[in-house]
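J.: the sequence and its predicted three-dimensional model are supplied below.
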Amino acid sequence: MAIKKLIFIPAHNEELNIVNTVHQIQFFCPDTDFIVINDGSSDTTAAVCRANGFPLIDLPVNLGLSGAFQTGIRYAWENEYDAAIQIDGDGQHDPSFISQMEAKMEEEDLDIVIGSRFVTERKPHTMRMLGSSLLSAAILFTTHQYIGDPTSGMRLYNKRMLELFANNINYGPEPDTIAYLIHCGFKIKEIQVTMNERTAGTSYLTPFRSAGYMLNMAVSILLVQFFR
Amino acid sequence: MSVVLRVSLFVMSLLSAFWILYNIRKAKVRIEDSVFWLCFSLLLICFSVFPGIVTWGASVLGIQSPVNFIFLAIIFVLIIKLFRMTIRVSQLSSKLQTLTQDFALYEQKKEK
């Protein structure tokens, strides 16, 4: 029996990408429910979704990625979905991999499946990937499990995870939560996916915030998770 | 720096760090908001373990008593933190205002 799953799409100022992203999802997953979560965009993202008849949760103020993410998870939990997957509104996640991720979850009874750029592929040597490598190393050091792409937002969560993420603080869609969950004994694995470069608009994570982000993650992965 | 000062600085910093971790455990504070306080405790622990930093800093700035350098450093960091908190509170206020208005306008639209 197929599980009831939800695709949720956090979107912040994605008026140029959102239609394309949703059309891709409709093409590859025609029978799966999806919902766009507009994170208080200052552009016409919400209007574009309404005009196209996309299911929409329109947050009146900007909550940031973790707030928009939790909205999707809560919607999935309260509407009794068995699993939920995040697909970013900028179109960088390729929905053709969703069925593979779901198969992997069912086969190995996993709690989270991460769509990862670096399972079989090598990491390129750029500044951004240096950060990613440091996070992978921190997670390997504390949990003894290698996560090649800890910052990937393309993650499939099972029902147990939905309950946890929907009802607690400090369960953001970030690498430190992944490390903490592995530490707690939940089963998390990656599969290889390809990601597209963003086609238009600007990213959530600006270079200016990256240093602060890395500090947060380092403290959280290396220290805080042992006291939670 | 006297030994008593160093020891009390060390002990108080350690206690406050554990108090913060305890609050994370109780899910009272978000991890990203606690990182500042953990780093702040770490700074004070560094001052107590390596008093050389303090005497060096005091001599560079021409401060006679090293302990005054600790006060200065703490005040400086806290002023920056206070200013950032002010920005946060402003943002939260305006978000709350928007949220309340949105909700009331929505209700009003529904009643029509």
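T.: Perfect, thanks for sending it. Numbering: from 1, shown residues only, chains lettered A, B, ... in the order given.
J.: would you mark the buried spots in stretch B:21-28?
T.: The neighbour-count check on stretch B:21-28 (16 or more other CB atoms under 10 Å in any protein chain shown) flags B:Leu21, B:Ile24 as buried. For the C-beta atoms, the positions are set from N, CA and C on the backbone; glycine is no exception.
J.: with only the CA atoms kept, save it in CSV.
T.: Extracted C-alpha coordinates of stretch B:21-28, given in CSV (Å, rounded to 0.1, in the frame of the first residue of the first chain):
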residue,chain,number,x,y,z
LEU,B,21,22.5,24.1,28.7
TYR,B,22,19.9,23.1,31.3
ASN,B,23,17.4,25.6,29.7
ILE,B,24,18.1,24.2,26.3
ARG,B,25,17.3,20.8,27.7
LYS,B,26,14.0,22.1,29.1
ALA,B,27,13.2,23.5,25.6
LYS,B,28,13.0,27.0,27.0
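J.: ok, B:Ser13 - how many residues close by?
T.: Residues lying near B:Ser13 (other CB atoms under 10 Å in any protein chain shown) number 20.
J.: could I get the contacting residues of it?
T.: Shown in contact with B:Ser13 (CB atoms under 8 Å, 6 or more residues apart in numbering or on different chains): B:Ser41, B:Leu42, B:Leu44, B:Ile45, B:Ser48.
J.: in ChimeraX, select just the buried ones from those.
T.: Selection of the buried residues among these in ChimeraX, burial being defined by 16+ other CB under 10 Å:
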select /B:41,44,45,48
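J.: out of the contacts of B:Ser13, which one sits closest to chain A?
T.: B:Leu42 (9.4 Å; CB to the nearest CB).
J.: related to what we said a few turns ago, among the contacts of B:Ser13, which one lies nearest to A:Asp176?
T.: Ranked by distance to A:Asp176 (CB to CB), those are led by B:Leu42 at 17.9 Å.
J.: where do the strands sit along chain A?
T.: A:5-11, A:33-39, A:56-59, A:83-86, A:112-116, A:155-158, A:188-192 (DSSP state E).
J.: picking that back up, got a markdown table for the contacts of B:Ser13, with secondary structure, pLDDT and distance to chain A too?
T.: A markdown table is the format used below for the contacts of B:Ser13 (DSSP: H, G, I helix; E, B strand; the rest coil; pLDDT from 0 to 100; distance: CB to the nearest CB, whole Å):
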| residue | secondary structure | pLDDT | distance to chain A |
| --- | --- | --- | --- |
| B:Ser41 | helix | 94 | 11 |
| B:Leu42 | helix | 94 | 9 |
| B:Leu44 | helix | 93 | 16 |
| B:Ile45 | helix | 94 | 13 |
| B:Ser48 | helix | 93 | 19 |
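J.: what sits against the closest residue to A:Phe8 other than its chain neighbours?
T.: Closest residue in space to A:Phe8, ignoring its immediate chain neighbours: A:Gly72 at 3.1 Å, by CB to CB, 6 or more residues apart in numbering or on different chains. Residues counted as contacts of A:Gly72 (CB under 8 Å, 6+ apart) are A:Leu6, A:Phe8, A:Ile9, A:Pro10, A:Ile35, A:Ile37, A:Ile57, A:Ala84, A:Gln86.
J.: which residue is nearest the middle of the chain?
T.: You didn't say which chain, so I picked chain A. A:Gly153 (2.8 Å; CA atoms, centre = their mean).
J.: switch to chain B, please.
T.: For chain B, the residue nearest the mean C-alpha position is B:Trp37 (4.6 Å; CA atoms, centre = their mean).
J.: which one is that one nearest to, not counting chain neighbours?
T.: Of all residues not flanking B:Trp37 in the chain, B:Ile20 sits nearest, at 5.0 Å (CB to CB, 6+ apart).
J.: I figured the one you found hits B:Ser41, correct?
T.: Yes. With contacts counted by CB atoms under 8 Å, B:Ile20 reaches B:Ser41, the gap being 7.4 Å.
J.: show me what contacts residue 73?
T.: Going with chain A. A:Ile73 makes contact with A:Phe8, A:Ala84, A:Tyr157, A:Leu162, A:Phe165, A:Ala166, according to CB under 8 Å, 6+ apart.
J.: oops, chain B please
T.: B:Ala73 is in contact with B:Leu43, B:Phe47, B:Gly57, counting by CB under 8 Å, 6+ apart.
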